[in-house]
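Student: Would you be able to build a 3D model of this:
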Amino acid sequence: MLERIRIVLIGTSHPGNIGATARAMHNMGLADLALVAPRCEVITADSVSRASGADALVHDARVVDSLEQAVTDCTLVVGASARSRTLPWPMITPRELGERLPAELATPEARIALVFGREDSGLSNAELQRCHAHVHIPTNPDFSSLNLAAAVQVLAYECRLAWLAQPQTQTQTQNKPGPAQDDEEEAQPLASHEELEHYFAHLERALITIGFHDPAKPRQLMARLRRVTLRSRPERMELNILRGILSATEKAAGGQALGARESEPELQREHDTHQGQKPAQD
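Tutor: Below is the predicted model:
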């Protein structure tokens, strides 16, 4: 479970914080570190020293240019936020995050990213809107500032607690009565971050095509649609059905469905399967 949890640092300005984060991760059994556009050298004497023996994580850290690249394969992205925003987003505590992990990582392809912002300004609104949920560490309101590595340590600790409790949790879940499920129904994989971003781009194009969305006067429309979609946690097949509807809407409105044509054969197969038809062979 722990190997499928990724720590993402955005715009880190001090190499010592990268090393200290590696140490906090290694203490709790995490090993997947991604750095988005760091504002400092990653491998330095300071970062290696602060890692205190966990410098392998510093050397193995993946450095990318954007948040999208860091979380492209993730099915749950949680951003650390120290303050409320103008557009409310689902907010959880570190303990609630830990409690969700076993269910979130129940399928082999599931991946979770915990995203931390810059030391001086945190995560931007645009970055937070690319997260399914935000996690807030309830610190002393009179002195709430946390060092970056300390914040990582808190969340990594909750992840480890969830991992240690996993066998007992699984046993309780198996013995817990619940609604009957169809034996033939298989759990469908959740849409990845990359698939969701393609959907949001397609959705915006379609809304522009039918005249519902004016990019010059957005009125937070796309942000609100992001929120409701991310909150619903769509499966991959469900997202494909929605994209098929968008393509049909664009065609009916006389649009060109630009950018959607690449995925139209796959979307059509998903639509045919959903309708009970045999998918056409390419």
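
Student: switch to C-alpha atoms for all contacts and neighbour counts from now on
Tutor: Fine.

Student: got any ranges where the stretch 1-150 of the chain has weak pLDDT?
Tutor: Along the stretch 1-150 of the chain, the parts satisfying pLDDT under 70 run over 83-87.

Student: hey, where'd the helices end up in it?
Tutor: Assigned by DSSP state H, counting those that start in this stretch, the stretch 1-150 of the chain shows helices spanning 15-27, 45-51, 55-60, 67-71, 94-104, 125-128, 148-164.

Student: CA atoms only: put the host helix or strand of Lys251 into PDB for me.
Tutor: For Lys251, the host element (DSSP states H and E) is helix 236-252. Provided in PDB are the C-alpha atoms of helix 236-252 (Å, rounded to 0.1, in the frame of the first residue of the first chain):
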ATOM      1  CA  ARG A 236     -12.900   5.200 -16.300                       C
ATOM      2  CA  MET A 237     -15.900   3.700 -18.100                       C
ATOM      3  CA  GLU A 238     -18.300   6.400 -16.800                       C
ATOM      4  CA  LEU A 239     -15.900   9.100 -18.000                       C
ATOM      5  CA  ASN A 240     -15.700   7.500 -21.400                       C
ATOM      6  CA  ILE A 241     -19.500   7.500 -21.600                       C
ATOM      7  CA  LEU A 242     -19.600  11.200 -20.600                       C
ATOM      8  CA  ARG A 243     -17.000  12.000 -23.300                       C
ATOM      9  CA  GLY A 244     -19.100  10.100 -25.900                       C
ATOM     10  CA  ILE A 245     -22.100  12.300 -24.900                       C
ATOM     11  CA  LEU A 246     -19.900  15.400 -25.400                       C
ATOM     12  CA  SER A 247     -18.700  14.300 -28.800                       C
ATOM     13  CA  ALA A 248     -22.400  13.600 -29.900                       C
ATOM     14  CA  THR A 249     -23.300  17.000 -28.500                       C
ATOM     15  CA  GLU A 250     -20.600  18.800 -30.500                       C
ATOM     16  CA  LYS A 251     -21.600  17.000 -33.700                       C
ATOM     17  CA  ALA A 252     -25.300  17.900 -33.100                       C
END
